[in-house]
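Chemist: just need the structure, nothing else, for what follows:
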Amino acid sequence: AAVGPPRGFAPPSATSPPFRLKWGRSHATVMAARALLLQAAEDWEQHPDKRAGMGPPVAAAKRLATNSAVEVVEIAMRIVGGVALYRSEPLERYFRDVRSGLVNPPIEARALETIARAALDDP
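Modeler: Take a look at the predicted model:
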């Protein structure tokens, strides 16, 4: 038996409306995460004297970047299908790699607590 895509499988076309919606969603997600992450990094570099108070924006940037990466990889996996789970495919590795961000500090609960504390408790 030949190994390959199932019969009738056709890779998504860049002109397909469902594909374009998924691509647009992924791209918008990456753009937002990148903007927040770059802003947090720039603030960190430009204002070393204020780093002690940068916990909330750094936590928010890490949280958004991680969750965005997970979302984008999951969308890509849905586009290509089961082949994304083959160890020989880059998406399988990306899937594992982005999920590691979910368990590396600060985990989401701690990040959200840091953000809430700054917004609600600090003057």
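Chemist: residues in contact with residue 111?
Modeler: The contact partners of residue 111, taken as Cβ atoms under 8 Å, 6 or more residues apart in numbering, are 59, 60, 62, 63. Heads up, the C-betas are built off the backbone N, CA and C, glycines and all.
Chemist: check what pLDDT the third one gets.
Modeler: Here, the pLDDT recorded for residue 62 equals 95.
Chemist: for it, helix, strand, or coil?
Modeler: In the three-state summary, residue 62 is assigned as helix, counting by DSSP: H, G, I helix; E, B strand; the rest coil.
Chemist: the residue nearest the centre of the chain: which element?
Modeler: For the chain, the residue nearest the mean C-alpha position is residue 69 (1.6 Å; Cα atoms, centre = their mean). Secondary-structure element containing residue 69, defined by DSSP states H and E: helix 55-80.
Chemist: where does pLDDT dip in the chain?
Modeler: Of all residues in the chain, those with pLDDT under 70 make up the ranges 1-12, 123.
Chemist: show me where it has its strands.
Modeler: For the chain, strands defined by DSSP state E do not occur.
Chemist: tell me the angle of the longest helix along it relative to helix 55-80?
Modeler: Secondary structure assigned by DSSP state H gives helix 17-46 as the longest helix of the chain. Angle between the axes of helix 17-46 and helix 55-80 is 160 degrees (criterion: axes from the mean of the first three to the mean of the last three Cα atoms, to 10 degrees).
Chemist: which elements pack onto helix 17-46?
Modeler: With contacts defined as 3 or more Cβ pairs under 8 Å, 6 or more residues apart in numbering; DSSP states H and E, the packing partners of helix 17-46 are helix 55-80.
Chemist: list the buried residues of the helix it packs on.
Modeler: For helix 55-80, the buried set under the neighbour-count rule, 16 or more other Cβ atoms under 10 Å, comprises 56-74, 76-77, 79.
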